[in-house]
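Visitor: no sequence on this one, just coordinates:
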Ligand SMILES: [Zn+2]
């Protein structure tokens, strides 16, 4: 059941769940606030909890407001599209033939059947970007696998909403975001190396950091390049809160015992 209250001019949604911890989240893009609370917690206690976190809520909302937004693409003539960090102007060619995409010196030619809608144009471009990432992978893997002394089982390239990449060290699989093909090539290399290093060190612990520093001393610059150009983070869920994604949902969690003590 969803209810809620106002915190000054901030509406707060409250969702009751069969959970142990109270969970406060600020959601992009608008900074909507939601509290997921255990069934037993009183509304007064939830309100008090939220009031105590007001400073944090406002800071997270400000971060979201300050973020540069990528405007959604419409796949229209002369729209800007990025490929490996360079800007190209889209040229839409309507032709009753198999759709295809071709990169020209300053143009990205999108040949589609007449009447192709935005969703389909988007799909075509996404699969083309995906092919670009896949094409860049063999050379990068040939360089980095021996250097790091790791073997990856499979690399999947797919659309991901909130992450640039992820790694499953047990299955030895790496997932990369299709949209890396829009960023400078150093960004793809950085994310791939980051995920490959996870095959050795699954968390972002001191060992992970020191290996990253050794093999890619300027990785922080590359991360800054990615963050500057977009809204995502490498693999946010494993990041410590102070480094956490400026873009994704921001969460605060209090443990059951901590909360019972305080409220
Ligand atoms: Zn990571």
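Guide: Received the coordinates, thanks. What you see is a predicted model, and the numbers here were worked out from it, not measured in a lab.

Visitor: going forward, measure contacts and count neighbours with C-alpha atoms only.
Guide: OK.

Visitor: ok now the helix or strand harbouring residue 156, how far from the chain's centre?
Guide: According to DSSP states H and E, residue 156 maps onto strand 154-158. The chain centroid and the centroid of strand 154-158 are separated by 16 Å under Cα atoms, centre = their mean, to the nearest Å.

Visitor: So which elements touch the helix or strand following that strand?
Guide: Going down the chain from strand 154-158, the next helix or strand is strand 165-168, by DSSP H and E. For strand 165-168, the elements it packs on are strand 173-177, helix 185-200, judged by 3 or more Cα pairs under 8 Å, 6 or more residues apart in numbering; DSSP states H and E.

Visitor: and for the first one, what are the contacting residues?
Guide: Residues from elsewhere that reach strand 173-177 (Cα atoms under 8 Å, 6 or more residues apart in numbering): 152-160, 163-168, 191-192, 195-196.

Visitor: can I see the domain layout of the protein?
Guide: According to automatic domain parsing, the chain comprises the domains 2-67+251-262, 118-243.

Visitor: out of those, deepest packed?
Guide: Neighbour counts (mean count of other Cα atoms under 10 Å) averaged over each of the domains of the chain peak at domain 118-243, with a mean of 17.

Visitor: what distance separates it from the middle of the whole chain?
Guide: 11 Å.

Visitor: Likewise for stretch 61-77?
Guide: Worked out by Cα atoms, centre = their mean, stretch 61-77 lies 14 Å from the chain centre.

Visitor: which residues touch stretch 45-54?
Guide: So stretch 45-54 is contacted by 5, 7, 24, 35, 37, 263 (Cα under 8 Å, 6+ apart).

Visitor: chain center to that stretch, what's the gap?
Guide: With Cα atoms, centre = their mean, you get 29 Å for stretch 45-54.

Visitor: what does stretch 83-98 contact?
Guide: Against stretch 83-98 from outside (Cα under 8 Å, 6+ apart): 75-82, 106-114, 180-185.

Visitor: Please flag which of those residues sit within strands.
Guide: Secondary structure assignment (DSSP state E) places 80, 81, 82, 107, 108, 109, 110, 111, 112 from the contacts of stretch 83-98 within strands.

Visitor: Show me which pair in those is furthest apart.
Guide: Taking Cα to Cα, the two most distant members of the ones in strands among the contacts of stretch 83-98 are 82 and 112; they sit 19.2 Å apart.

Visitor: The residue of the chain positioned farthest from its centre: helix or strand, and which one exactly?
Guide: Note on the chain: the largest C-alpha distance from the chain mean falls to residue 96, namely 36.3 Å (Cα atoms, centre = their mean). Assigned by DSSP H and E, residue 96 belongs to neither a helix nor a strand.

Visitor: Any chance of the backbone angles for it?
Guide: According to degrees, to the nearest 10, the main-chain angles of residue 96 amount to phi -80, psi 70.

Visitor: gap between it and residue 117?
Guide: The spacing between residue 96 and residue 117, counted by Cα to Cα, to the nearest Å, is 14 Å.

Visitor: What of residue 47?
Guide: With Cα to Cα as the criterion, residue 47 and residue 117 are 46 Å apart.

Visitor: Repeat that for residue 131.
Guide: For residue 131, the distance to residue 117 - Cα to Cα - is 22 Å.

Visitor: Ok, residue 18 next?
Guide: In terms of Cα to Cα, residue 18 sits 43 Å off from residue 117.

Visitor: where along this protein do the helices fall?
Guide: Using DSSP state H, the helices of the chain run over 43-52, 54-66, 118-148, 185-200, 206-215, 219-229, 256-262.
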